[in-house]
Structure formats: structure tokens, C-alpha cells
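Novice: for reference, the sequence and a predicted model appear below.
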Amino acid sequence: MNELFIERLMITALNEKLNGNMKNNPKRIKNSTLQMMRRIHTISNVNTIILLFIYFLLAGCGFYSLAGSIPSHIKSIAIPLLDNQTAEYGITEDITDNLLEKFTEENILRVVDEDNADSILRGIIKKVEDAPSTFTKEEAVTEYRYTVVLDVEWYDVKNDEVLMKSQYSGWGAYGLSGDSGTDGIDNDNDGLIDEEDDDEIGDPRSFAVKVAVSKIGEDILNKILSNW
């Protein structure tokens, strides 16, 4: 296999991606991949290996999921302040700010105000639960779980239709100590505890709220940027 052959494959894949055809031609991707695998033992040039690696990146699911998920006429999104049907103070601002931050950082859709938006992301906070989750043998509480439940709707302004309507939830755990970095709990469910986890720091309940809010934001962002 030479560089020219791989370059042609890459150009073909990229053109199909731009035309929205890759989603409908999984067999072609598979066949092209198999052909390259059969010939890979002939590769000796470092530049060719780099080109091959780039081709696999372009043909991967992650690359094409972004292209196929968002209607072509939608270039921007508005995220107005969420409605709150709970008594939890400040949670509306926490989730809204987190969503704005995540979409701004991702920069797939421009974040604008409602008057100039191609699409609008609206949400209603349905439930906030702060309940014991772990007990000792004597039934004393050792761990609490903070959970937020949110209904979300992504609306296409131009076509006057709902593109996505789902419910999301996120949670964080916390204990009774004064610092989430010393409470012996995996507060953010990442498999790391206290000094093992640089993220775990500060007031335990506040950190649990932050974890729950961030999880919801990530799930919503991933849903919109993936196939729906």
C-alpha cells in the first residue's frame, strides 16, 4: 500500500462525510478497512502509517456522530434559564450556567440569545432528592446521595418542531465530614477516593451538587451531539 492509495481513501471518506453519505454506507467503511488490514504488512514508510492512523480517526464513530446528528440549518443554540419546580435554591442557575459553559467550550453550536437562535434548549427541574444511601450495621447514616431530575426539550425554531425530548438525572454522594477530600467516599463515582482524587475538595454537599449538575450537562451535550 502506498501513500497515494491511502490519501485517496481518506479523500473519499471525507467527501462522503461532508455529503452525509457515510451514515448510509457502513458496508463501504468495513470493506475499505478490511482491504487495508490485508495489506498492512506491506507498510514500511512512517508517513504512510501516520496517514493510515488519520484515516481510521476519520472513519471512526466519534467523528461521524457529530456530522450526522445536527440538522444542517442549525448553527446556533439558546439556553434560557431553566424552570424550577423544586424548593432547591440556586439549582436553576447552577444547571443553566453549566450547560452554557459546556456548549460554549464544545463550540459545535454558537451559543446566542433566543431572538437569534436556530434552536432552543429548554428545561424544567422536576425533582431534587437529598436522601440517605448508606448505613452502618447499627443503621446510622454514613453517606447521602444528592440527585437532580430534569426534563429537557431541544426545539428547532425554523421548522417549529421538537428535535429531542428526554429526562436526565445526575447524582453525587457525600458524607458527614467537613471536607469531601477526607470523607472516605467516592463522591463523583469515578473510582477514586479522597487523596486519590484531586477533584474531591471542599464542602461535601456542595461538591455533590456540582457532580450531579455536571453529569446532567455532559449527558445533554452528548445526546445533542450524537445520533438522535
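Specialist: Sure, I can see it.
Novice: show me what the helix or strand Ser214 falls within is packed against.
Specialist: Applying DSSP states H and E as the criterion places Ser214 in helix 204-224. Packing contacts for helix 204-224, counted by 3 or more Cβ pairs under 8 Å, 6 or more residues apart in numbering; DSSP states H and E, involve helix 91-106, strand 119-135, strand 141-156, strand 161-174. All C-beta spots, glycine's among them, are computed from the backbone N, C-alpha and C.
Novice: where does this structure dip in pLDDT?
Specialist: 1-69, 181-182, 184, 189-191, 193-195, 197-200, 227-228 (pLDDT under 70).
Novice: how is it carved up into domains?
Specialist: Per automatic domain parsing, the domain ranges recorded for the chain read 3-69, 76-224.
Novice: circling back to that earlier point, go through the helices and strands packed on helix 204-224 and pick out the most buried.
Specialist: strand 141-156 (a mean of 19; mean count of other Cβ atoms under 10 Å).
Novice: tilt between it and strand 161-174?
Specialist: 170 degrees (axes from the mean of the first three to the mean of the last three Cα atoms, to 10 degrees).
Novice: how about the spatially closest residue to Ser166 that is not a sequence neighbour, what does it touch?
Specialist: Spatial nearest neighbour of Ser166, chain neighbours left out: Val152 (5.8 Å); criterion: Cβ to Cβ, 6 or more residues apart in numbering. Applying Cβ atoms under 8 Å, 6 or more residues apart in numbering to Val152 gives the contacts Leu121, Arg122, Gly123, Met164, Lys165, Ser166, Gln167, Tyr168, Ile220.
Novice: about what we covered before: distance to Ile74 for the helices and strands packed on helix 204-224 - can I get that in TSV?
Specialist: Formatted as TSV, the helices and strands packed on helix 204-224 follow (distance: least, Cβ to Cβ, whole Å):
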stretch	distance to Ile74
helix 91-106	13
strand 119-135	5
strand 141-156	7
strand 161-174	8
